[in-house]
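> test case, fold it:
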Amino acid sequence: YTYRLFVERSLRLLHERGSRTVQVLDPRLDPALWDVVVAPEHDGLRGANVITLCGSLHPVDAAWLDAARAQFAQFAALPSPRTVVLLGGPTSAVRFDRSAFEVMTAKLEYGLAREGGSLLVIGSRRTPAELATLSRQYWADTPGLRWFDASDGVNPYAGALAHADRIVVSPDSVNMVSEACATAAPVYVAEPGRATGRVRAYLDELLRRGRIRAQTSALEAFQAEPLRETARVAAAVREG
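Just a heads-up that it's a prediction; the model follows:
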């Protein structure tokens, strides 16, 4: 109640001074308090002033990828197919633990044994240290890189996305999946059925659209249209 009063008073003062207010993500308060609210479709928030998007806002577009491709030009020399693996970690909505990692690994091993290529494994702040250690051990002889924190050097995330022939993502992060889907590479999500709640709703929508597929051992290629919502949302906010 106290927080709501603070928000209402702050917004009223902003409006009195001619400011236009935009809230990003579901505020858990009446959307009418803001001029515009931007929220992911999977949040379920709707309203006359609510702009929805599939996934999350991020900077990944053609120019961003071109810049990353140039900055990390050395990745072009890695053997193809270049498989990028984006690893998150367990959350309240997704049980991505060691057992889930082992399932992902077994499927990747099959593809690497059959097709060769290289592997770029990128961790996140939520990736357990155990999974980082196992990633380095399991694929010690596979060309590519393993990055989990600053001790591994400059974060190669942007370059990995830019040079990816295909991307495998753990099912716990809407942001990672959204950014992967903004590339032209096929995106495979490891066991999307592990996700629950809003994350599951988001993954189900991407599966329905055909933008992602559940990870299998084969990782068969498919046509992928980049999903980029940020520019559309920005235009809608300006027009609104």
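> how about the secondary structure of the spatially most central residue of the chain?
Residue closest to the average C-alpha location in the chain (Cα atoms, centre = their mean): residue 176, at 1.6 Å. Of the three states, residue 176 takes helix under DSSP: H, G, I helix; E, B strand; the rest coil.
> go ahead and confirm it touches residue 168.
No: judged on Cβ atoms under 8 Å, residue 176 makes no contact with residue 168 at a distance of 10.7 Å. Where C-beta positions appear, they are placed from N, C-alpha and C, glycine not excepted.
> ok now the helix or strand hosting residue 130, how far from the chain's centre?
Assignment of secondary structure by DSSP states H and E places residue 130 within helix 129-138. Averaging C-alpha positions (Cα atoms, centre = their mean, to the nearest Å) puts helix 129-138 21 Å from its chain's average.
> so for it, mean pLDDT?
Mean per-residue pLDDT for helix 129-138: 94.
> what's it packed up against?
Contacts of helix 129-138 with other secondary structure elements, assessed using 3 or more Cβ pairs under 8 Å, 6 or more residues apart in numbering; DSSP states H and E, are made with helix 98-115, strand 144-147.
> hmm, try it at 7 Å
Here helix 129-138 is seen to pack against helix 98-115 when contacts are counted using 3 or more Cβ pairs under 7 Å, 6 or more residues apart in numbering; DSSP states H and E.
> what lies in contact with the helix it packs on?
Outside helix 98-115, the residues within contact range by Cβ atoms under 7 Å, 6 or more residues apart in numbering are 81, 85, 119, 130-131, 134, 138, 142, 168, 190-191, 194, 215-219.
> try stretch 59-70
With contacts defined as Cβ under 7 Å, 6+ apart, stretch 59-70 is touched by 158-159, 161-163, 179, 182-183, 228, 231.
> show me where this protein has its helices.
Taking DSSP state H as the criterion, the chain carries its helices at 2-16, 62-71, 98-115, 129-138, 157-163, 174-181, 197-209, 230-239.
> export those to CSV and tack on distance to residue 29?
What follows is the helices of the chain, written out as CSV (distance: least, Cβ to Cβ, whole Å):
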stretch, distance to residue 29
helix 2-16, 6
helix 62-71, 33
helix 98-115, 35
helix 129-138, 37
helix 157-163, 34
helix 174-181, 22
helix 197-209, 18
helix 230-239, 19
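> looking at the ones you listed, which has the lowest confidence?
The weakest mean pLDDT among the helices of the chain belongs to helix 2-16, with a mean of 78.
> that one: which residues count as buried?
If you call a residue buried by 16 or more other Cβ atoms under 10 Å, then helix 2-16 has these buried ones: 7, 11.
> put the alpha carbons of it into CSV.
Coordinates of the C-alpha atoms in helix 2-16 are reproduced here as CSV (Å, rounded to 0.1, in the frame of the first residue of the first chain):
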residue,chain,number,x,y,z
THR,A,2,2.8,2.4,0.9
TYR,A,3,4.6,1.6,-2.3
ARG,A,4,1.5,2.2,-4.4
LEU,A,5,1.1,5.6,-2.8
PHE,A,6,4.7,6.5,-3.5
VAL,A,7,4.3,5.4,-7.2
GLU,A,8,1.1,7.3,-7.6
ARG,A,9,2.5,10.5,-6.1
SER,A,10,5.7,10.3,-8.1
LEU,A,11,3.8,9.7,-11.4
ARG,A,12,1.4,12.6,-10.6
LEU,A,13,4.3,14.9,-10.1
LEU,A,14,5.9,13.8,-13.3
HIS,A,15,2.6,14.4,-15.2
GLU,A,16,2.2,17.8,-13.7
